[in-house]
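> Dropping a prediction and its sequence here:
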Amino acid sequence: DTAVSQTPKYLVTQMGNDKSIKCEQNLGHDTMYWYKQDSKKFLKIMFSYNNKELIINETVPNRFSPKSPDKAHLNLHINSLELGDSAVYFCASSQDWQGGYEQYFGPGTRLTVT
Amino acid sequence: LAKTTQPISMDSYEGQEVNITCSHNNIATNDYITWYQQFPSQGPRFIIQGYKTKVTNEVASLFIPADRKSSTLSLPRVSLSDTAVYYCLVGDRGSGDKLTFGTGTRLAVRP
C-alpha cells in the first residue's frame, strides 16, 4: 500500500532524448514536490505544486517541465537530456505547503544519461 | 536564508545514545526544524519536527534551545539499523531556497 510511488525506478537513456518520470500519492495531500539528489548526495528542491498550482519553481533549466493533472499526480518531463541530469529524482508530498507539515518521499528514480 | 550546518559523519556502537547537533543561526520566526533519515537507495523518511523546547516521539527526541539557533536530534539506544544519513531541515516551505537538505550527517553504528 505505497503512499508515494514513482515510475520508473531506473531510467537509462542517451543524451538528447526526452523522458518522463511519473509520481502518484494516495495520501490525499494537497502539495507535491520534485527533488534532485546528485552524486554528492545534496537533495535540492526543484518544483512544488499545491492543488495543481505551481508554487515553487527553483532555478531549473527550462528543459525540465512539471505537470500536475490532478492533486494526486505530479509528473516530470525532461527534454534534451544532458549528462549532468544524471541523478536520483525524488517525488514527495505533504498535507499542505504552509507550516510544519512533514513530507513523504517516494522511492526515487535513478536517471542515468549516457 | 536559513542555512544548516551538521557534522559530516559520526560513529557509534549499538546500545549507545547518539546526539546529532544542527546549527541554524539564521532561523526565521516562522521556521520549523525537521529531521529526516535516509537509507541508501531510498527516499528520506520523516523522524521528528519541532518549533521550540523539546519534542519526543517513539523514535527520537529533539532538543531546541530558547534562541533556536541550533537543535539536537537524540537517538536512544541505537541499533545497526539506525545506520543512515540524517538531515536537518529548517524552513516554512513557503520559500524554495529553504528546502535544500544540505549534506546531512552519516551515522555509522557498529556492533
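Structure received.
> Residue numbers of chain A in contact with chain B?
Neighbours of chain B within chain A, by C-beta under 8 Å from any C-beta of the partner chain: A:4, A:31, A:33, A:35, A:40-45, A:48, A:56-58, A:90, A:92, A:94, A:97-108. Glycine gets a C-beta too; all of them are placed from N, C-alpha and C.
> which stretches of chain A aren't confidently modelled?
Across chain A, residues meeting the criterion (pLDDT under 70) sit at A:1, A:98-100.
> which residue does it bring closest to chain B?
Here the residue of chain A nearest chain B is residue A:105; by C-beta to the nearest C-beta that distance is 3.0 Å.
> Quick one: neighbours of residue B:81, just the number.
As a burial measure, the neighbour count of residue B:81 was computed by other C-beta atoms under 10 Å in any protein chain shown and equals 9.
> could you measure the closest residue to chain A within chain B against residue A:91, distance?
Shortest chain B-to-chain A distance, computed as C-beta to the nearest C-beta: residue-wise this is residue B:43, at 3.0 Å. Taking C-beta to C-beta, to the nearest Å as the criterion, residue B:43 is separated from residue A:91 by 8 Å.
> more neighbours, those two?
Neighbour tally, residue B:43 and residue A:91, criterion other C-beta under 10 Å: the higher count belongs to residue A:91, 27 against 22.
> Tell me the helix or strand right after the helix or strand containing that one.
Assigned by DSSP states H and E, residue A:91 belongs to strand A:87-94. If you walk from strand A:87-94 toward the C-terminus, the next helix or strand you reach (DSSP H and E) is strand A:103-105.
> what is in contact with residue B:43 and residue A:91 at once?
Overlap of the contact sets of residue B:43 and residue A:91 (by C-beta atoms under 8 Å, 6 or more residues apart in numbering or on different chains) consists of A:4, A:105-106.
> now those residues as CSV including neighbour count and distance to residue B:35?
Putting the shared contacts of residue B:43 and residue A:91 into CSV (neighbours: other C-beta atoms under 10 Å in any protein chain shown; distance: C-beta to C-beta, whole Å) gives the following:
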residue, neighbour count, distance to residue B:35
A:4, 23, 19
A:105, 22, 14
A:106, 27, 19
